[in-house]
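> Pasting the sequence and the predicted coordinates here, then a few questions.
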Amino acid sequence: MRYNEKELQALSRQPAEKAAEIGMRVPKKGSVVKRRLVKLVVNFLFYFRTDEAEPIGALLLEHCRIAKEEPSGFSISFIEDPDRKYYFECSSEEQCQEWIDALRRASYEFMRRSLIFYRNEIQKMTGKDPLEQYGISEEARFQLNTHQA
Amino acid sequence: MGMTSLSVGEGNGSEGGSYDKLIGRSPPVFPENLTPSRTQEEVSFRSTTWPGRTSWFLGWGVSHQEIGKRPPRPRTCSHRPSPEGPSRPLLSGLATMKLHRKSVLSYFRGTGARAPDREGILLKKGTRNPSYQRRWFILRGNLLYYLEHQGDRTPLGLILLDSCRVEPRDSTTEPYAFVILASEEGGRSYKLAAEKKVDFDGWLQALVWAGWSQLWELLQPLQEQYQRVCQEAGVEPQAPPQEDRFLGLPCSPAPSGFQELHQRFGEEIQALARSRATRRQVDLMEFG
């Protein structure tokens, strides 16, 4: 599957929701925790060697499980490969929880679900569709439950 | 969404108008080069009825930390040809960044949950091959995938829409054409065209609203409005539903003991089996 690496690099340079130096361990045999600059941009998590400007890797934060790992760490794993986890070691419980919340909120599908929820609730309570003012109430992406054919 | 079972890549002469002359036979698949294609001359475009944003450049000003600006150390190249076809060409001297493919593919496949935001045939101009090829495009969230054939399990390519802007390039010689431009200088452009006006309007509309930031900007005021409305109604605002992402099931509070955990796994496995059975039924209904 092809993609343009420059697009990914451009994305990694956009302003981040969150960025920090965190210990990271990739799901490879014999891998150890390494200090990485981890940067959250839209629904991608980029990680860099701490002295480099270009990321060494990127994870798409969709269909993934973000779980707390003791002590003061968290893991990211993906639906098709639940046992291969990316581990992150934070410097405090507070930092850990902030990252877990931020990563969950970053998912496009999470945001979409939230939007649909708010839209529905507002419509129920006020009788008006809040998306009408934007002229997008018919947009497929904001409809409730359009299931895979 | 008007899905046809057309096998993409074959010329179907009944639609497409002047594009039939521009569509070449499927060439050998070239690796996409990263140097910019010749930029098309500016052409005036007929105004169409779709929201006023003709192009936008995403810059999203939330808290930002500066990363060390030293240029990357050249490393030895690790170059592994991908099983699906030609791999990305290397930037000279620099190792390639690892994009976690499984997460991208998993999102593409959708795992039987939500239907894609839009899908259909679009004509795509090759970079080295100047002719248009029919490809099956799938838009899911902020990612645009394209396939050689509808129903292919692995996409041919992926376009990150948050690094690009979309502009119409509609002209008499190339009707219903538009371009997806990388925002970075030296980035590539994707020259696309729809075969019908309704597809042209539909795709532009869908792509304009596909960015992550678009959704975020829409979500914020809606969230505030929800809280206000709740307050006025004297109702406690609720958090949006958390889904168990692995199985699309609503998440209950964390299990308190092994017994509950054991039971939960059993339920999850049953639910997965049921959803698989349903999907198989749907497949059979479609092809049976």
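Structure received.
> quick one: contacts for the closest residue to residue B:218 other than its chain neighbours?
Spatially, and ignoring its direct neighbours in sequence, residue B:218 is nearest to residue A:115 (6.3 Å; CB to CB, 6 or more residues apart in numbering or on different chains). (Glycine included, C-beta is placed from N, CA and C.) The contact partners of residue A:115, by CB atoms under 8 Å, 6 or more residues apart in numbering or on different chains, come to A:142, B:215, B:218-219, B:222.
> Please report the distance of residue A:115 from residue B:241.
12 Å (CB to CB, to the nearest Å).
> With residue A:70 instead?
27 Å.
> and those two? which has more neighbours close in?
Each of residue A:70 and residue B:241 has its neighbours counted (other CB atoms under 10 Å in any protein chain shown); residue B:241 has more, 12 against 7.
> mind checking pLDDT for the more buried one?
If you check residue B:241, the pLDDT there is 81.
> Name the SS class of the residue nearest to residue B:218, please.
Three-state call for residue A:115 (DSSP: H, G, I helix; E, B strand; the rest coil): helix.
> Kindly state the pLDDT recorded for it?
94.
> Repeat that for residue B:224.
95.
> what's the helix or strand harbouring it packed up against?
In this assignment (DSSP states H and E), residue B:224 forms part of helix B:212-233. When contacts are defined as 3 or more CB pairs under 8 Å, 6 or more residues apart in numbering or on different chains; DSSP states H and E, helix B:212-233 packs onto helix A:108-126.
> what about residue B:162, neighbour count?
22.
> Could you pull up the contacting residues of it?
A:11, A:14, A:42, B:58, B:142, B:211-213.
> What is the lowest-pLDDT residue among those?
Out of the contacts of residue B:162, that is residue B:58, at 32.
> Regarding stretch A:45-57, how distant is the last residue from the first?
8 Å (CA to CA, to the nearest Å).
> does chain B sit close to it?
Yes - using CB under 8 Å from any CB of the partner chain, we find that stretch A:45-57 touches chain B at A:48, A:50-57.
> Which of these are buried? Put it as a PyMOL command.
Buried members of the residues of stretch A:45-57 next to chain B, defined by 16 or more other CB atoms under 10 Å in any protein chain shown, are picked up in PyMOL with:
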select buried, chain A and resi 48+52+53+54+55+56+57
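> show me where chain A has helices.
For chain A, the helices defined by DSSP state H occupy A:5-12, A:93-106, A:108-126.
> from the ones you listed, which stretch is densest packed?
Comparing the helices of chain A by mean neighbour count (mean count of other CB atoms under 10 Å in any protein chain shown), helix A:5-12 ranks first with a mean of 21.
> quick one: that helix to chain centroid distance?
Taking CA atoms, centre = their mean, to the nearest Å, one finds helix A:5-12 lying 16 Å from the centre of the chain it belongs to.
> Stretch A:112-126 too?
For stretch A:112-126, the distance to the chain centre is 22 Å (CA atoms, centre = their mean).
> Test my guess that residue B:208 contacts residue B:168.
No - with contacts counted by CB atoms under 8 Å, residue B:208 stays clear of residue B:168, the gap being 10.5 Å.
> Helix or strand with the lowest mean pLDDT in the chain?
Since no chain was named, I'll use chain A. Least confident element among the helices and strands of chain A, by mean pLDDT, DSSP states H and E: strand A:2-3 (a mean of 84).
> Not quite, go with chain B.
Quick look at chain B via mean pLDDT, DSSP H and E: least confident is strand B:249-250, a mean of 39.
> Tell me where the model's unsure across chain A.
A:145-149 (pLDDT under 70).
> can you tell me how far the residue of it most remote from its centre sits from chain B?
When distances are taken from the C-alpha mean of chain A, residue A:127 lies farthest, 33.2 Å away, according to CA atoms, centre = their mean. With the distance defined as CB to the nearest CB, to the nearest Å, residue A:127 ends up 11 Å from chain B.
> In the stretch 151-288 of chain B, where is pLDDT below threshold?
B:184-186, B:243-288.
> again, 80 this time
B:183-187, B:242-288 (pLDDT under 80).
> At which residues are the helices of it located?
B:197-208, B:212-233, B:258-287 (DSSP state H, counting those that start in this stretch).
> From the contact counts, what lies against the first one?
Packing contacts for helix B:197-208, counted by 3+ CB pairs under 8 Å, 6+ apart, involve strand B:118-125, strand B:132-140, strand B:164-168, strand B:177-182.
> Send me the second one as CSV with only the CA atoms.
What that stands for is strand B:132-140. This file holds the C-alpha atoms of strand B:132-140, laid out as CSV (Å, rounded to 0.1, in the frame of the first residue of the first chain):
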residue,chain,number,x,y,z
TYR,B,132,-6.2,8.4,-16.3
GLN,B,133,-6.9,5.1,-14.6
ARG,B,134,-10.2,4.1,-12.9
ARG,B,135,-9.7,3.4,-9.3
TRP,B,136,-12.1,2.6,-6.5
PHE,B,137,-11.8,5.3,-3.8
ILE,B,138,-12.9,4.8,-0.2
LEU,B,139,-13.1,7.7,2.2
ARG,B,140,-13.1,6.8,5.8
